[in-house]
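Asks: okay, here's the prediction I keep looking at, along with the sequence it came from:
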Amino acid sequence: MKTDQSIKIQLNQTFPLTIKRLGINGEGVGYFKKQVVFVPGALPGEEVVVEATKINPKFAEAKIKKIRIKSPHRVQPPCPVYEECGGCQLQHLKYSQQLKEKRDIVIQSLERHTRLAVDKLDIRDTIGMEDPWGYRNKSSFQLAGRDGKVLAGLYGLNSHQLINIEHCAVQHSQTNEAVNTVKKVLEELKITIYNEKTRKGIVRTIVTRVGVASGELQIVLITNQKELPKQEQIIEEIKKRLPNVKSIVQNINEQKTSLIFGEETLPLAGEEFIQETLGDLQFELSARTFFQLNPVQTIKLYNEVKNAAALTGQEKIVDAYCGVGTIGLWLADQAAEVRGMDVIPESIEDAKKNAKRHGFTNTKYVPGKAEEVLPKWVKKGWKPDVIIVDPPRTGLDGQLIQTILQTASEKLIYISCNPSTLAKDIQMLSVKYEVKFIQPVDMFPQTAHVETVSLLVKK
Ligand SMILES: C[S@@+](CC[C@H](N)C(=O)[O-])C[C@H]1O[C@@H](n2cnc3c(N)ncnc32)[C@H](O)[C@@H]1O
């Protein structure tokens, strides 16, 4: 018998709900008369009363009116702006339970999108952080001027209202200090802050990056025009108040879009980059260089890749979606050859410099799409033994999957930041590959993001 699946919940309707699991965005998921309801802030096991806030063709969204039975894992979120901000989604869940839920999200995705016997797979416990706070090395805080005050923070959840953040609990302590200091300097010198509506004003955004190992700090002032009034005073005050600042740069973004960076970057004081160390590798990070945001967990993630690859020194490796080459360089001293590609030409230039700085002569980096570059290499007779992929949230391109299946390298190591696309890709790859293990690594504590390293081996 065919059942009518269309949503019958009415907007603003209030009803009781049992939360069964966490959804991929960290919301509680329950079923009301067999209809899926997403409830931000609700936790598995909780009995809640909710009010429908949005009706979609296949599901409803609702907000909590009352918690009748609380999860034993519910905790008080330490951040005062947690409810409005939207940067974190799981601060109200005990950290040890966050790790369990993240593993569960991976399992659910595999159950939904693959035909594998998921209960037979080796899906390991999530590798967490000892201290799951203050881990982010980079911040991009939008600015707003209000009554002579400079506010800095993020736009609120589903709104365009700036939430002023004095202390972000997941940012490195140097970041919080730096943002508050720069805000004060701009305020005292009466520098006008960009207004999105009128498109007037000068400073739009403060971006900071901390070299967690080096202690070095970079500050980027993103402005709506090239001329920065009182530039010398701004620099002098920042340097005086923040002795760890190694680099102050200006980036000019005159666009209307929500893109943070514009094309032009000008040095204002100090170096154009800061130093960062990952294990034995050193990197120079300039304002726009992509670099992993949680260096402590990055080392654990890359070591999982290294263990999965179990290299003997004879292997040819592909580091697809290589960014500035960090993963390939992590393995280069144990491989015969490492080849990487990325769509961002500047990242490829950085990858080449990084390889050279560390004296590697067995690496090759090419700008371009993985789905175009790898087929060319393979066509010329170059056959990798290990393919490592680290795609964006959208997962692997179909063409790349076809090339991987044709190439049939012994090992495929898939680093994923999206369990749904990972599962869909694994389903396609399972024609030739068997999943050996999936290791979740918590790169972003307090948020719903789930990162995994999966080892697939040729059947
Ligand atoms: C998740 S990041 C991984 C970066 C790097 N592996 C690391 O650990 O720092 C994804 C990278 O894929 C690149 N990218 C996006 N689409 C791509 C494509 N079709 N082909 C190659 N690279 C792509 C992005 O520029 C970005 O550097």
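Replies: Received the coordinates, thanks. Model, not experiment: these values are computed from the prediction.

Asks: contacting residues around stretch 120-133?
Replies: Identification of contacts with stretch 120-133 by CB atoms under 8 Å, 6 or more residues apart in numbering yields 95-96, 98-100, 102-103, 106-107, 110, 135, 169-170, 294, 296-297, 300, 304, 435-442, 445-446, 450. Quick note: C-beta positions are derived from backbone N, CA and C, even for glycine.

Asks: which stretches in the stretch 101-250 of the chain count as helices?
Replies: The residue ranges that make up the helices of the stretch 101-250 of the chain, judged by DSSP state H, counting those that start in this stretch, are 173-188, 231-241.

Asks: and the first one, what's buried?
Replies: Right, the one you point to is helix 173-188. Of the residues in helix 173-188, those buried under the neighbour-count criterion (16 or more other CB atoms under 10 Å) are 174-183, 185-186.

Asks: equivalent analysis for the last one, please.
Replies: The neighbour-count criterion (16+ other CB under 10 Å) identifies 234-235, 237-238 as the buried residues of helix 231-241.

Asks: looking at whichever residue of the stretch 301-450 of the chain sits closest to the ligand now. What's its pLDDT?
Replies: Among all residues of the stretch 301-450 of the chain, Gly323 sits closest to the ligand, at 3.0 Å; criterion: CB to the nearest ligand atom. At Gly323 the predicted local distance difference test score is 93.

Asks: and for Ile7?
Replies: You'll see Ile7 listed with a pLDDT of 61.

Asks: what of Gly148?
Replies: Here the pLDDT value assigned to Gly148 is 88.

Asks: go on, Gly156?
Replies: 81.

Asks: now for it: which residues touch it?
Replies: Gly156 makes contact with 84-86, 162-163 under the criterion CB under 8 Å, 6+ apart.

Asks: pick out the most distant pair among those residues.
Replies: Gly86 and Leu162 (12.0 Å; CB to CB).

Asks: list, one by one, the residues from the stretch 351-459 of the chain near the ligand.
Replies: For the stretch 351-459 of the chain, the residues in contact with the ligand (CB under 6 Å from any ligand atom) are 369-371, 390, 392, 397.

Asks: ok, back up a step: could I get the buried residues of helix 173-188 as TSV with pLDDT?
Replies: What follows is those, written out as TSV (pLDDT from 0 to 100):
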residue	pLDDT
Gln174	94
Thr175	95
Asn176	95
Glu177	95
Ala178	97
Val179	97
Asn180	96
Thr181	97
Val182	97
Lys183	96
Val185	97
Leu186	97
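
Asks: save these as JSON lines, and put in distance to His358 too.
Replies: Compiled in JSON lines, the buried residues of helix 173-188 are given as follows (distance: CB to CB, whole Å):
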{"residue": "Gln174", "distance to His358": "26"}
{"residue": "Thr175", "distance to His358": "28"}
{"residue": "Asn176", "distance to His358": "33"}
{"residue": "Glu177", "distance to His358": "32"}
{"residue": "Ala178", "distance to His358": "29"}
{"residue": "Val179", "distance to His358": "33"}
{"residue": "Asn180", "distance to His358": "36"}
{"residue": "Thr181", "distance to His358": "34"}
{"residue": "Val182", "distance to His358": "33"}
{"residue": "Lys183", "distance to His358": "38"}
{"residue": "Val185", "distance to His358": "37"}
{"residue": "Leu186", "distance to His358": "39"}
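
Asks: which one of those sits closest to the ligand?
Replies: Thr175 (19.6 Å).

Asks: partner residues bridging the closest residue to Gln142 other than its chain neighbours?
Replies: Here the nearest residue to Gln142 in space, its sequence neighbours aside, is Thr205; by CB to CB, 6 or more residues apart in numbering that works out to 5.5 Å. Thr205 forms beta bridges with Gln142, Ile222, as assigned by DSSP bridges.

Asks: quick one: Thr205 from Ile193, how far?
Replies: Spatial separation of Thr205 from Ile193 under the definition CB to CB, to the nearest Å is 10 Å.

Asks: common neighbours of those two, please.
Replies: Any residue near both Thr205 and Ile193 by CB under 8 Å, 6+ apart counts here, and that gives Leu143.

Asks: of the contacts of Gly156 - the most surrounded one?
Replies: Ile163 (21 neighbours; other CB atoms under 10 Å).

Asks: hmm, back to that, restricted to buried residues, select the residues of the stretch 351-459 of the chain next to the ligand in ChimeraX.
Replies: Of those, the buried ones can be selected in ChimeraX as follows, counting by 16+ other CB under 10 Å:
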select :370,371,390
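
Asks: the residues of the stretch 351-459 of the chain next to the ligand in helices, which ones?
Replies: If you go by DSSP state H, those have 370-371 in helices.

Asks: closest to Gln35 out of the residues of the stretch 351-459 of the chain next to the ligand?
Replies: Looking at those and their distance to Gln35, the nearest is Pro392, at 31.8 Å (CB to CB).

Asks: where does the protein come near the ligand, residue by residue?
Replies: Applying the criterion CB under 6 Å from any ligand atom, the portion of the chain that neighbours the ligand consists of 290, 292, 321-323, 326-327, 341-344, 347, 369-371, 390, 392, 397.

Asks: how about a cut-off of 5 Å?
Replies: By the rule CB under 5 Å from any ligand atom, the part of the chain lying against the ligand is 321, 323, 326, 342-344, 369-370, 390, 392.

Asks: show me where the stretch 151-300 of the chain has strands.
Replies: Defined through DSSP state E, counting those that start in this stretch, the strands belonging to the stretch 151-300 of the chain, from first to last, are 162-164, 203-210, 217-223, 245-252, 264-270, 273-278, 281-286.
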